Structure formats: C-alpha cells, structure tokens
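S.K.: Could you work out the structure for the sequence below:
(chains A and B)
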Amino acid sequence: MSERGKSVVRPYGDTTGDGMVQVSFTLPVPHDKRAEGAAVQLANRMGMDPAMLVHAKPIGDGFTFFVVYGRVNHLVDLEKVQVVERDFPLLSAKEVNAVVKQRMRRKLSVVGACIGTDAHTVGIDAILNVKGIAGEKGLEYYRELRVSNLGAQVSVPELVEAARKEKADAVLVSQVVTQRDAHLHNTREMSAAFREAMPAGKRPLLIVGGPRFDETMTGELGVDRIFGRGTTPGEVASYLVHALITSRRASS
Amino acid sequence: MTGKLGLDPVLVSRARELARRAGQPVVDLARSHTTVSVERAVLRLAGVSGADPDGIPWVNRLVDAVVADVGLGHGVAVPVFDALAREGVSDVTLLAQKAAAGSVRFGVPSGKAATAARRAARKAVAAGVRQIDRRRAERDRLVKRHGDPKQRPWIYLIVATGDIYEDIPQAQAAARAGADVIAVIRSTGQSLLDYVPEGATREGFAGTYATQENFRLMRAALDETSRELGRYVRLTNYASGLCMPEMATLAGLERLDMMLNDSMYGILFRDINPIRTFVDQRFSRQVHARAGIIINTGEDNYLTTADAVDEAHTVTVSQLLNEFFAHEAGLSDGLLGLGHAFEINPDVPESFRLELAHALLARELFPDAPLKWMPPTKHMTGDVFRGNLLDGFFNLVGTMTGQGILLVGMMTEAVVTPWLSDRDVALQNVRYVLGAAGGLHEDFVPAPGGFIQQRAHRVLGEAVELLERIGEQSLLTAIAEGTFGIMKRPADRGKGLDGVARHEGDYFNPATEILEQPA
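M.R.: The predicted structure is shown next:
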C-alpha cells in the first residue's frame, strides 16, 4: 500500500481520506420505515458504511426517492485506471468550423444517404439534419460544411454520381436494416463502386453508420470508419476534421 | 404607453402590417396548391381507414392510384367519388383496396357525373367534420365537468418511452403529480415519413409513433385520470412534418387538445420543401381551428441554433408570422400557443433581466394568446444541481410574465430521458416557484425607461427592421437566403416537393370548402 503512495485515493467530503459520497435513487416501494431500511441496506451494499439517510420522499404511487450521504470503504488506484482513448480529439462546432476555414480554405463537402432498400433515414437524419440528436445539432448546422442529404433508397451509382458532382470530401452512409446481412452487402457494394469509379487519393472518405455494425470491420468492408449506436454529430464532425485535415499535416 | 413596457402602439401595428405583407403571398400560394397529405387528410375525413399488409395506409394507396391516372391537381375527391359510383362500391376503404390491386381506373368526369361526385364527396367529408365537431363539444363538456387547472401557467410534461403501453401509466402518474398537459414525443424521424403508421405501437426511436390508435388509447387513459383528479388533463402531439394535415385531422377525430404546429419549423430544421409546408400548414390550421385545438409554435428552436440575445428579434418575427398565418386559417387568439424560450447563456451578465424583457415583450405583443414558455436546453449540462437552479429561474420568469403554458424543465436535460425522480424534483421546483411567487406579476412593473423596457423596445425595433427587409423581397426568398435559424431553404428544393401540385381549374376539395364556411 505505502509504496504506491499518493496513487491511491478516496472520495473527499471535507477532510482528506474521509471517503464521503452522496447518492440519490428511487426504490419501487411505498414510503415507510421498511423503505428507509431498504435504502440504507442498498447503500451498505454499495460500500457505504456508515450510511446516513438524509432525505426520503414518496413520489408517485408506490415509489420513494432517497438521498444518502455516507462513507465508502472503496479505494481508487490511479495507476490502475484504464481509459479507452479516442483516436481523435472531440471538437466543438466552432472549432470544427475554424479548422476547416483556416486549413481547407473552402467548405468541406459531405454527401449522405441511406443506400439499397433501406428506408430508415433516422440515423442519417440525426447526424445531418440541423435538428440533430441528444441536444447536438447535425452537420448542416456547421457553417463550414456543405451537406447534401440524398435521403432514402439511394442506389450506389446515384451515390457515386452525387459524390462526384458535389466533389465530396466524405460520404456518409446509414444502414439500419440488417435482414440477411443487407447492411454488410450494401456497404461492400458501395465501397467497391467507389474504388472502381475513382482512383485512390481522389476518393472521398467513406463512412458508414448504424446500430448493428461492428466498429472494427472497416478493412473487411472497405470503408474508412464505422460508427455504431449512440454516435453524435459532433463525433462525426470531429472525425472528419481529424481524418481529412489535422492528421494529413504532411501532404499539401 | 400600453402595458408594462410602454410599447409604441403605432410600431406594434406596423409590425403586424409588415407580417401580413410578408405572409400574404405565401397564403396565396397555399390557396392555389395542394399536396398528397392534404388529399389524404380529405380521404381520412371521408372515412378511409386502415392499412395494407405492409402497413401502408389505404389513404396513401388510394391517392397514389388517383395520381397515377389523373394527377393531383384536380384533387382526389371527385375522381374517387366518381369511381365509387361507377364501380358501384359502397365503401371508400373498399375502393382503396380495389384501386391498390389495380382493378379501378380513375378519371376526371364532367357534367352530371362531376356534380354527383362532388355532392357525394361533400356528404362523406361533412360526416368526418361532424365527428370533429362532436369531439370538440365533448371536450367542452368534460372541461365544464372536471374543470381547468386552478393556476396559470398550465404545467406541461413530456412522456416518451417508445411504447404506448408504457407511456400510459407514466402519463397518468405525471398527471397525478401535477401535470395539466401531457405531450407524447414522437419517434425520431417520424416527421419525414410520408405516411401515418397504423395501430398501437410498442417500439420507437427516442419517442412513440403518432398513430390514430395511440391517440385514442392515450386520450381514453387521460379521460379516466381527469375523472379521478377532477381536472381536465390535456393531451398534446405533433402536427408537423410531411403528414401535418393528416396529423391535425386525426387529432381532431380523437380529441387531442394541443398540437405542435409551426409555420416554418419543417422547412428550416427538417429540410421539407417550403411550398409543401405552407400548403400543409394552412390546411392543418383550418382543421385545428374547427377542432378547438391549441397550436404550439416552435420559436424556441431558433434559439437553440442561434444566439438567444443577438437573434431574439427572429423569435418576435416568427411569432408575428405564425399569428398572421393562424388568424388567416381561422384560429382565434385563445388557440395561439406562440412559443419562446429561456435560452440565454447564463454566463451573460444580466441574463435573467434579458429573459424577463423578452418574455414580457411576447406577453404584451400577444395579450390574449396562451404563450408556450420553453425551458433551458442549450445551456444545460451534466451539472444537475446548476440545472435545477436554472429551471427555477425559468419558472420565475414564467410566472412573473404571465405565460400560458409552461413546459417543465428537467435538470437532467441532455443527460438522460427523465427519470421518475427527475420529474418529481422538476415539478417540486415548479410548485415552489408558483406557490411562492404566483402573484408576483401584479407587483412586477419594470422601471420606466429602465433596462427591461429598453431591451424590449430594442428587440421590437429589430423585429420591425427584419420584417421590412423580408417585405422588400418575399418570405420565400428570405427563407431561401437563410434569414431564419441560419438555414438556406430554396422553394424548389427539400423533401416532399414531388407531393405538391398546382390547382387545376376544376380543383375541388370538400374539406376546405366546409372549413372555410363561416361557422
């Protein structure tokens, strides 16, 4: 213990090492003595000992809300903390616009579509529409991005043609339907068509997204990046800037 | 000299006149065009219901079949009721099924056949409108029996699980906890579906599909709760997106009480074609007027994309336009839930006074409208403690400026969909503020010539300037050039454009005829 020194810490209430935390939760039981006991029992099992129940209030039918303060007996070893590093920095819309403006000196062109028979535009619209998702605005909102959303049931030749016409820097494809692995077949067909139609180096960045993709399959599907469930427009925009601008420092 | 802000009545009427001038060409456009969704709404009123085995509604199949034979510009009523007589079919839904199977040809009759088809169509649609009238009378009766909420603003809460059978107990619990209005958020992307899904639904993306059956189930559940609470609990959904006219119609048929219905939201935020939107909007507002449904407009959305101080006047401009379009469609002031929001960055000095000025400006410009006051979202972070404080100040502005409908802010905005406890904390916040300061608006009179008055005058002045600029070109050009919420939306682009047609000389729409008759 002692050789690790300061790498082991406890939560801080008002004194070093006091281990104090505060939690709130709801239990699906009506408010009475037993409910309060149950809350303390839960807190104990969470490692809080002693646990002080400071607030209990009935909410709705048969539910009680609790606030508990107490000391936890867990330690945190900072040396053992493992975090998955994103391989690109997350930028704000303002930062994305600034980098594109300064470094590209033109609008970054994005073409998006749902390809094949997939009519679910939920994903592509969440990423591209101004409305966005989870409180984040979509890519249309970014002043320095020029977005063309082709919508649903776009054929691969149409997509390639639109990418050529719009001089797309990136092509975003959304696939929700997974019957008979349609999302994988469609994606392979799409990447093959781009390889055939455009020489390497002239090809736009190919990005697919959808709830059922395995994010590690980029090589197999012939695309540059796969985004899974829960991706936000800000992540996509940050990735575009990373892949098209900041990581290509050398070339000009 | 009027009200608490000393607004110049000449400037206020100039603002309204400019809004009328900007809006009138759009109304003319709406009166000379129709859309697939308007025609589908007409068929719904005429009694077409249900969907094919793939879930595509019969109204879609029937409109598509008519369009394939004779186009959209005559309206579908005459071709449909002409075919009904020729085929000797008694039921319009049956005709839709036959049409979908390709066994019916549609034409545009003339002479006696046309007159007969018009008469039959008018009769069928009138029955649908009568149903809406009955539902409105039923609401009046229930409000009289159970009563309105005791306080203003009405407390508006959202449920959204994706599963209507989960939404129902949540909505009932929310009403018991104090909600006066329940809104069921729609599944992400429903606004871009060019058909209305059918039946009760149990799966959605971050919301529950709006369907006639879901409307019916939720309204019935809230009727039960209204009885239990001795207070009429209102139900809200969305008349927006590509099916706006049909949503309004279904809401009227199922006695929903409020509908989100903005004149420009779909254009700006969903990239729906501007003409499609304005045509659909006018029809849907005529239905809302008939059904006694309060519309909620979406000005809060501008402030989530643009700066809430610099762009405050765009809210005022949009409110004035929404008011003009609503009046033109027959909605009275009492049905105008014009929107605005508490979205100024809390780090801006005097942000609370600025919010008061903006909210009071809306109140004084539209004294008889039940304004919809929207909580902070843009500056809510994972810091739930600060969020709760911000919501408290939002509630305070709401009561100090006499807002009509208060959408309850959640401290977990932008974190999770509200938990039971989040809702309870949020309602406690509202109750505390309304209880402690519910009468403060009586004492609150901003100092003459002071900060709040000056700010309100400035915003109104900027709104008038913007309306003047719009008037010099046209509203469609202004939208095309990105005047609102930074998006550029040209009139010849956007989703749903292929579902728009100019009226032919013999265009006939029995629903519009009935709705435009003086009641």
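S.K.: Give me the distance from stretch A:116-128 to the chain's centre.
M.R.: Centre-to-centre, stretch A:116-128 and its host chain are 17 Å apart (CA atoms, centre = their mean, to the nearest Å).
S.K.: Name the residues that touch it?
M.R.: Contacts with stretch A:116-128, where a contact means CB atoms under 8 Å, 6 or more residues apart in numbering or on different chains, come from A:110, A:112-114, A:131-133, A:138-140, A:147, A:149, A:151-153, A:172-177, A:182-183, A:185-186, A:189, A:209-211, A:231, A:233, A:236, B:187-189, B:192, B:205. For the C-beta atoms, the positions are set from N, CA and C on the backbone; glycine is no exception.
S.K.: top helix in chain B by residue count?
M.R.: Determined from DSSP state H, the single longest helix within chain B is helix B:111-146.
S.K.: and that helix, how far from the chain's centre?
M.R.: Helix B:111-146 sits 22 Å away from the centroid of its parent chain (CA atoms, centre = their mean).
S.K.: I'd like to know which elements it is packed against.
M.R.: Secondary-structure packing of helix B:111-146 (3 or more CB pairs under 8 Å, 6 or more residues apart in numbering or on different chains; DSSP states H and E): helix B:36-45, helix B:77-87, helix B:212-229, helix B:244-253, helix B:274-291, helix B:510-516.
S.K.: So which residues on chain B come close to chain A?
M.R.: Residues of chain B lying close to chain A (CB under 8 Å from any CB of the partner chain) are B:173, B:176-177, B:187-189, B:192, B:205-206, B:268-271, B:304-305, B:377-378, B:380, B:413-414, B:419-421, B:424, B:485-487, B:495.
S.K.: Would you mind getting the angle between the longest helix of chain B and helix B:77-87?
M.R.: Calculated by axes from the mean of the first three to the mean of the last three CA atoms, to 10 degrees, helix B:111-146 forms an angle of 110 degrees with helix B:77-87.
S.K.: Which positions in helix B:111-146 come out as buried?
M.R.: B:113-114, B:117-118, B:120-122, B:124-126, B:128-129, B:132, B:135-136, B:139, B:142, B:146 (16 or more other CB atoms under 10 Å in any protein chain shown).
S.K.: Show me the strands in chain B, by range?
M.R.: Counting by DSSP state E, one finds strands in chain B at the ranges B:33-35, B:154-159, B:181-184, B:234-238, B:258-260, B:294-296, B:336-337, B:339-341, B:372-374, B:405-407, B:500-502.
S.K.: Which residue comes closest to A:Ala39 once chain neighbours are left out?
M.R.: What sits nearest to A:Ala39 in space, not counting adjacent residues and going by CB to CB, 6 or more residues apart in numbering or on different chains, is A:Phe66, at 4.2 Å.
S.K.: sorry, that was for B:Ala46
M.R.: Using CB to CB, 6+ apart, the closest residue to B:Ala46 is B:Ala124 (4.0 Å).
S.K.: Which residues are in contact with the one you found?
M.R.: Contacts of B:Ala124 (CB under 8 Å, 6+ apart): B:45-47, B:81, B:92, B:510.
S.K.: would you turn the residues you listed into JSON lines with pLDDT?
M.R.: Shown next, in JSON lines, are these (pLDDT from 0 to 100):
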{"residue": "B:Leu45", "pLDDT": "98"}
{"residue": "B:Ala46", "pLDDT": "98"}
{"residue": "B:Gly47", "pLDDT": "96"}
{"residue": "B:Phe81", "pLDDT": "98"}
{"residue": "B:Val92", "pLDDT": "95"}
{"residue": "B:Pro510", "pLDDT": "98"}
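S.K.: Narrow those to those that are buried.
M.R.: For those, buried by 16+ other CB under 10 Å: B:45-46, B:81, B:92, B:510.
S.K.: What about the residues of chain B next to chain A, which are in helices?
M.R.: B:173, B:176, B:268-270, B:304-305, B:420-421, B:424.
S.K.: The longest helix of chain B to helix B:212-229, inter-axis angle?
M.R.: On the basis of the same axes, to 10 degrees, helix B:111-146 is oriented at 30 degrees to helix B:212-229.
S.K.: Is the residue nearest to A:Ala39 inside a helix or a strand, and which specific one?
M.R.: In this assignment (DSSP states H and E), A:Phe66 forms part of strand A:64-72.
S.K.: how far does that strand sit from the chain's center?
M.R.: Relative to its chain's centre, strand A:64-72 lies at 31 Å (CA atoms, centre = their mean).
S.K.: For the residue lying closest to A:Glu79 once chain neighbours are set aside, give me its contacts.
M.R.: Closest residue in space to A:Glu79, ignoring its immediate chain neighbours: A:Ser7 at 4.6 Å, by CB to CB, 6+ apart. A:Ser7 sits next to A:77-79 when contact means CB under 8 Å, 6+ apart.
S.K.: do A:Leu78 as well
M.R.: Neighbouring residues of A:Leu78 by CB under 8 Å, 6+ apart: A:7-9.
S.K.: Could you find the closest non-adjacent residue to residue 182?
M.R.: This is for chain A. Using CB to CB, 6+ apart, the closest residue to A:Ala182 is A:Gly116 (6.2 Å).
S.K.: oops, chain B please
M.R.: With sequence-adjacent residues excluded and distances taken as CB to CB, 6+ apart, B:Ile182 is closest to B:Ala171, at 4.5 Å.
S.K.: Show the end-to-end separation of stretch A:100-112, please.
M.R.: Stretch A:100-112 has an end-to-end distance of 19 Å (CA to CA, to the nearest Å).
S.K.: For chain B, tell me whether it is touching it.
M.R.: No - Stretch A:100-112 stays out of contact with chain B when judged by CB under 8 Å from any CB, the minimum separation being 11.7 Å.
S.K.: any idea of the mean pLDDT for that stretch?
M.R.: Computed over stretch A:100-112, the mean pLDDT rounds to 94.
S.K.: so where is chain B shaky, pLDDT-wise?
M.R.: Within chain B, the stretches with pLDDT under 70 are B:1-2, B:305, B:414, B:485-487, B:519.
S.K.: Closest to the centroid, which residue in it?
M.R.: B:Asn261 (1.6 Å; CA atoms, centre = their mean).
S.K.: In contact with it, which residues?
M.R.: B:238-240, B:244, B:248, B:281, B:284-285, B:288, B:295-297.
S.K.: where does it fall, phi/psi-wise?
M.R.: Backbone dihedrals for B:Asn261, given as degrees, to the nearest 10, come out at phi -160, psi 90.
S.K.: what domains does the record give for chain B?
M.R.: Following automatic domain parsing, one gets these domains for chain B: B:34-126, B:151-454.
S.K.: All good on my end, thank you.
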